[in-house]
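Undergrad: any chance you can model this:
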Amino acid sequence: GKHKFGVILDGELLTREARSSLLKLLEEPVGNFSTIISIPYKSFLLPTIRSRAFFVPIFLNPDIFTDENKRLIDKLSLIVFDEYENFFVLYEELSEFVEEFSLSLKDFLDILIRVILLRFRQIIDEDDDRDDEITYLVALMDVFMKMFLVVNFNINRRLFLFKVAITFLDLKDKFMRGKR
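TA: Predicted structure coming up:
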């Protein structure tokens with residue numbers, strides 16, 4: 001069946017009861033279900049939860065919200081959440097973005113994951129019923145988190161950006177069809 005995800009933002013703010021429920025979920029997983037927890041430091045989780053978790057450092061730079069990083073995040077948000085129908089236009093926009101800011105592919109992917117997490121936050125804060133968009137964002141996170149973990153960042157830049165552009169358009173078509 002389908003793989004499902006739960007997203008917990010600000011995991012460090014979980015109450016004792018919520019942490020206990022999370023631990024129970026991790027000890028007795030239900031079907032194809034994974035949980036993504038956003039926390040600033042591993043130490044903010046109980047040791048029993050940490051022992052059952054796989055950590056991916058996304059926010060490597062503690063100064064994420066410098067003016068330059070805000071500019072990067074804002075610009076990339078405009079690119080990836082625009083209504084692209086044409087693969088080549090999206091690919092060119094991504095290529096120009098990477099060149100303009102002289103980003104390594106790993107830094108680009110790090111910023112891209114931040115952009116998706118911030119979009120999650122925006123949707124959750126708006127408290128709208130946008131299940132299709134949330135499913136789309138979870139699918140994007142799944143692909144890009146896996147890429148972050150396994151991609152050899154010496155890969156050809158054009159090939160890598162080609163894969164990113166295809167991923168966005170394919171998943172948008174799959175999860176957002178008829179919602180545009």
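Undergrad: and the lowest mean pLDDT element among the helices and strands of this structure?
TA: Lowest mean confidence among the helices and strands of the chain (mean pLDDT, DSSP states H and E): strand 4-8, at a mean of 74.
Undergrad: quick one: buried residues of that one?
TA: Of all the residues in strand 4-8, those buried under the rule 16 or more other Cβ atoms under 10 Å are 5, 7. For the C-beta atoms, the positions are set from N, CA and C on the backbone; glycine is no exception.
Undergrad: give me the contact list for the following helix or strand past it.
TA: As assigned by DSSP states H and E, the chain's next helix or strand after strand 4-8 is helix 16-27. Helix 16-27 is contacted by residues 8, 14, 33, 35, 37, 45-46, 48-49, 52-53 when judged by Cβ atoms under 8 Å, 6 or more residues apart in numbering.
Undergrad: around residue 54, count how many other residues there are.
TA: For residue 54, the count of nearby residues is 7 (other Cβ atoms under 10 Å).
Undergrad: state the distance from it to residue 137.
TA: Going from residue 54 to residue 137 by Cβ to Cβ, to the nearest Å gives 20 Å.
Undergrad: pairing partners for the least confident helix or strand of the chain, with directions?
TA: Applying DSSP bridges, strand 4-8 is found paired with strand 33-37 (parallel).
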